[in-house]
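J.: I'll drop the sequence and a predicted model, then ask my questions.
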Amino acid sequence: MKIDGRHYRTIFPEADGRSVQVIDQTRLPFAFELKRLASLDDAAVAIRTMVVRGAPLIGVTAAYGLALAMREDPSDGGIERACTTLAATRPTAINLRWALDRAAGLLRRAPETEREALAFAEAARIADEDVASCRSIGEHGAKILAEIAAKKSGPVKVLTHCNAGWLATVDWGTALAPIYVAHDAGVPVHVYVDETRPRNQGAALTAFELNAHGVPHTVIADNAGGHLMQHGDIDVCIVGSDRTTASGDVCNKIGTYLKALAASDNRVPFYAALPFSTIDWTLEDGVRDIPIEERDAREVTHLTGRTEDGGFATVQVVSPGSPVANPAFDVTPARLVTGIITERGVCEASADGLATLYPERRRAA
Ligand SMILES: CSC[C@H]1O[C@H](OP(=O)(O)O)[C@H](O)[C@@H]1O
């Protein structure tokens with residue numbers, strides 16, 4: 001997407017083709033800074049500390065991390081050590097494991113002397129495919145927004161949770177891609193942005209994106225969404241996903257399930273937008289089987305923001321000594337999901353729905 005008239009991807013190789021630049025998302029929205037990743041460890045730390053975040057983006061970053069590792073040690077052991085290191089950074093988003101399996105599978109069949117170049121080329125292919133997939137998700141999702149717009153006066157009011165915009169992918173985003181495509185096509189939209197405690201990806205990142213693109217929006221406290229739906233102020237919900245099961249259960253940022261419950265109770269359509277790389281075809285029961293990342297308590301007990309004089313400050317907001325739980329994701333059962341927006345089209349949240357779009361993955365009866 002464009003920032004101050006210049007087009008960016010969230011991750012891109014440097015001219016020498018031997019390292020990559022990423023946007024440091026821990027500094028947004030108050031500072032737009034690039035960070036250079038030049039080693040396996042740089043990539044692992046960037047994912048773990050959320051310099052880069054968002055399921056598709058951490059998958060692509062892991063693929064580049066594997067490429068950086070091949071410069072350090074292109075042996076079979078080097079591949080395994082890199083995959084183990086990168087896979088351990090964050091457990092929930094299936095894209096990370098998917099990208100590593102795809103790239104490592106290629107490398108294992110190649111001579112050691114070719115592995116570094118091959119790994120960088122494969123990471124670039126995965127990144128390019130992500131851009132194309134997200135653009136296509138935008139096209140398919142924008143049709144839903146256009147259909148809603150045709151039946152009402154005023155803007156289509158879309159609630160979204162966390163950040164599933166271009167910052168969560170290589171470009172375009174997933175949940176926000178339909179909003180960008182619709183907005184750019186002249187469909188009036190207004191986005192209600194859940195702040196998304198505890199890391200505030202909505203208030204900090206989604207709002208930053210929508211401001212930069214000129215999309216009308218309103219930031220709301222997480223707990224306000226149900227109230228707005230009760231009062232007819234939301235026409236549709238679109239969220240991203242970190243892992244969606246073969247049966248259509250949607251794992252996403254903590255709080256998504258609560259929005260889906262409110263949407264169901266108020267008959268508000270609730271969509272998840274995600275590419276092929278986010279689907280875990282090995283799982284049926286997401287609530288039971290998807291590993292939920294437990295993040296540092298400090299994300300709940302402290303807040304970091306800009307001070308009145310333009311600096312950064314971190315303050316404690318929880319009573320000292322109180323125990324904290326910080327699950328980073330929850331799972332919305334397929335029964336609460338109206339539809340899944342993918343790069344291949346929109347389907348119902350079910351095994352049959354997904355198999356219709358991805359017939360090559362249909363399980364033998
Ligand atoms: C398009 S994936 C975006 C997805 O990832 C976010 O999680 P995190 O910020 O912890 O990486 C969130 O669940 C978003 O919906």
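T.: Yep, it's here. Residues are numbered from 1 along each chain as shown.

J.: how far away is the residue nearest in space to the middle of the chain from the ligand?
T.: With the centre of the chain defined as its mean C-alpha position, the nearest residue by CA atoms, centre = their mean is residue 54, 3.2 Å away. Taken as CB to the nearest ligand atom, to the nearest Å, the spacing of residue 54 relative to the ligand amounts to 4 Å. Bear in mind the C-beta positions are built from the backbone N, C-alpha and C, glycine included.

J.: Output the below-cut-off pLDDT ranges for the stretch 151-300 of the chain.
T.: For the stretch 151-300 of the chain, applying pLDDT under 70 flags no range at all.

J.: looking at it, the residue nearest to the centre of the chain is touching residue 171, isn't it?
T.: No. Taking contacts as CB atoms under 8 Å, residue 54 lies outside contact range of residue 171: 11.5 Å.

J.: Spit out the residues that contact these two alike.
T.: Taking CB atoms under 8 Å, 6 or more residues apart in numbering as the contact rule, the neighbours common to residue 54 and residue 171 are residue 10.

J.: what's near enough to touch residue 28?
T.: The contact partners of residue 28, by CB under 8 Å, 6+ apart, come to 167, 204-205, 208.

J.: Now render these as TSV, adding neighbour count, distance to residue 87 and secondary structure.
T.: What follows is those, written out as TSV (neighbours: other CB atoms under 10 Å; distance: CB to CB, whole Å; DSSP: H, G, I helix; E, B strand; the rest coil):
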residue	neighbour count	distance to residue 87	secondary structure
167	26	23	helix
204	22	27	helix
205	25	25	helix
208	20	29	helix
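
J.: From the residues you listed, pick the one nearest the ligand.
T.: Closest to the ligand out of the contacts of residue 28 is residue 205 (8.0 Å), distances taken as CB to the nearest ligand atom.

J.: Do I have it right that the closest one meets residue 161?
T.: No. In this structure, residue 205 sits apart from residue 161 without contact. The criterion is CB under 8 Å, and the distance is 12.0 Å.

J.: what does the stretch 101-250 of the chain put close to the ligand?
T.: For the stretch 101-250 of the chain, the residues in contact with the ligand under the definition CB under 6 Å from any ligand atom are 162, 164, 168-169, 174, 201, 240, 242.

J.: Once you drop chain neighbours, what's closest to the residue nearest to the centre of the chain?
T.: Taking CB to CB, 6 or more residues apart in numbering, and ignoring the residues beside it in sequence, residue 54 has residue 168 as its nearest neighbour in space, at 2.4 Å.

J.: what's the answer for residue 173, then?
T.: Closest to residue 173 by CB to CB, 6+ apart is residue 165, at 3.8 Å.

J.: And for residue 306?
T.: Counting by CB to CB, 6+ apart, the residue nearest residue 306 is residue 30, at 4.7 Å.

J.: Nice, that's everything, thank you.
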